[in-house]
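Trainee: fold the following for me, if possible:
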Amino acid sequence: MHRSSPAMLYAVAFVLVFCACSDAPTPKVLVIGLDGIHVGVLATTSTPNIDSLAAAGAFSDAAQTLVRTVSGPGWSSMLIGARSDKHLVTSNELTGHNYAEYPDFLTRLERINPAYNTFAVLDWPPLATTASGGPIISDAVDVKLFFDGSVDGYGWADSTSVAAAVEHLLNEDPDAAFVYIGAVDEVAHATSTHGPEYRAALELADAYVGALAAAVRRRPTYIDEDWLILISTDHGRDERGGHGGDSPGERTIFYLASGPSTVQGKITETPYIVDVAVTALTHLGIEIDPEWDLDGKAVGLRR
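Mentor: You can find the predicted model right below:
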C-alpha cells in the first residue's frame, strides 16, 4: 500500500482550502435610505417588497436614531457609523463637520483599498454637493450621481435616481452602493399628515426598493455574489407628520438587513442608526479598527 508523505498531505490540504476559499461568493452591499419614515405608518401600509426582504432577513421596527431627528445628523450618523459628538453635525447646516476624520462608509472603503468599486446616487443636495456645508458622501466615491430634488422635485429625482441605480447594478460591478429616496419625507412636509398622500409616497418608495432588489438578483454574476441589502431611515415622525423633536415616534426608526448572510426574523436587540455603516463594512470583510472610534456594531449578520 502506498503511503503519502506529510509534504504531499499538506499540499493536498492547501489545494482543498484554496479551492474552498476561491469558491466563496463575493460579498457586496447595497444600502437603501428612505427619508423620514414613521414606523407605525410603515406597518400599516402596503409595502410588499420591503416585507419580502424582511421575511428573508433580519428586521426591527424599534431601532433608534441617537441623534437629533433631522436629516443632516441622521444621514451623517447612518453613513459614517458615529454619533454627532464625533462627526459634529447637529442640524441640516453641515458647516463645521468632521468628515475628514469620520468619513462615510463608501469613502472609508476607498481609503482602505481604492480597488473597491463604490457607487452612490443621491437627490438631497447636502448628501452630494457643497450645499449647506456638504457633501456627506465625498467625491472619493468612484461613481456619484446627483439629481437635484430640491430644484426638479423629489418625485422626478427619485424616479431618475432609481433608474440610474438599476442600470448601474445591472451593467457595472459595484462592491458597495448607496441609493437615497427622498420623496416620502417631502410629501409629509407638504401635507403635515400621515394621510393618503404620505402612504402613497411610501408605497412608491417600496416599488423602488423592489426595482433595486430585482436588479441585484438579475445581475449575470449574482450566483457568485453574496449581496447584503440594508434599508433604514434617517428619522421618524411625530403624530402630526413633523420631525426634529425628541418624541418616541421621531426617534424610532426601522432597520432591515436581508441576504444570504443574515439571520432571519425579528431582531431582539435594539439596533441604532450608527449600526448601518458598520454592518455594511463588516459584511464586506472589513475589520473595524478601534482607532476609527465608531459607535456602531454589526447587526443581523450570521457571523
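
Trainee: quick one: low-confidence parts of the stretch 151-300 of the chain?
Mentor: For the stretch 151-300 of the chain, the stretches with pLDDT under 70 are 242, 244.

Trainee: helices of that one, residue ranges please.
Mentor: Assigned by DSSP state H, counting those that start in this stretch, the stretch 151-300 of the chain shows helices spanning 154-171, 183-191, 196-217, 248-251, 275-283.

Trainee: between those helices, which one is closest to residue 71.
Mentor: Closest approach to residue 71 among the helices of the stretch 151-300 of the chain (Cβ to Cβ): helix 183-191, 7.5 Å. Using the backbone N, CA and C atoms, a C-beta is placed for each residue, glycine as well.

Trainee: which of the residues in the closest one are buried?
Mentor: Buried positions in helix 183-191, judged by neighbour count with 16 or more other Cβ atoms under 10 Å: 183-188.

Trainee: closest to residue 218 among those?
Mentor: The closest of these to residue 218 turns out to be residue 183 (Cβ to Cβ; 24.6 Å).

Trainee: how near is the nearest residue to that closest one once chain neighbours are set aside to residue 51?
Mentor: Leaving aside its sequence neighbours, residue 183 sits nearest to residue 154 (Cβ to Cβ, 6 or more residues apart in numbering; 3.9 Å). Note on residue 154: its distance to residue 51, by Cβ to Cβ, to the nearest Å, is 24 Å.

Trainee: more neighbours: the two, which one.
Mentor: Between residue 154 and residue 51, residue 154 has the larger neighbour count (other Cβ atoms under 10 Å), namely 24 against 14.

Trainee: check contacts around the residue nearest to residue 183.
Mentor: Neighbour list for residue 154: 123, 182-183, 186 [criterion: Cβ atoms under 8 Å, 6 or more residues apart in numbering].

Trainee: so which of the helices of the stretch 151-300 of the chain is nearest residue 229?
Mentor: helix 196-217 (6.2 Å).

Trainee: after the helix or strand harbouring residue 119 comes which helix or strand?
Mentor: Per DSSP states H and E, residue 119 falls inside strand 118-122. Sequence-wise, the next helix or strand downstream of strand 118-122 (DSSP H and E) is helix 125-128.

Trainee: columns distance to residue 80 on top of the helices of the stretch 151-300 of the chain, output as a markdown table?
Mentor: Shown next, in a markdown table, are these (distance: least, Cβ to Cβ, whole Å):
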| stretch | distance to residue 80 |
| --- | --- |
| helix 154-171 | 21 |
| helix 183-191 | 20 |
| helix 196-217 | 22 |
| helix 248-251 | 19 |
| helix 275-283 | 6 |
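
Trainee: burial measure for the residue nearest to residue 26 when sequence neighbours are not counted, as a count.
Mentor: Distances taken as Cβ to Cβ, 6+ apart place residue 225 nearest to residue 26, at 5.1 Å, with adjacent residues excluded. Using other Cβ under 10 Å, residue 225 has 16 other residues around it.

Trainee: now the strands for this structure?
Mentor: In the chain, the segments counted as strands under DSSP state E are 26-34, 57-64, 118-122, 143-146, 176-181, 225-232, 252-258, 265-266.

Trainee: packing partners of the shortest one?
Mentor: This points to strand 265-266. Packing contacts for strand 265-266, counted by 3 or more Cβ pairs under 8 Å, 6 or more residues apart in numbering; DSSP states H and E, involve strand 57-64.

Trainee: and the end-to-end length of stretch 83-102?
Mentor: End-to-end distance for stretch 83-102, by Cα to Cα, to the nearest Å: 10 Å.

Trainee: can you list contacts of that stretch?
Mentor: With contact meaning Cβ under 8 Å, 6+ apart, stretch 83-102 is reached by 66-68, 70-73, 76-77, 80, 82, 126, 132-134, 136, 138, 274, 292-293, 295.
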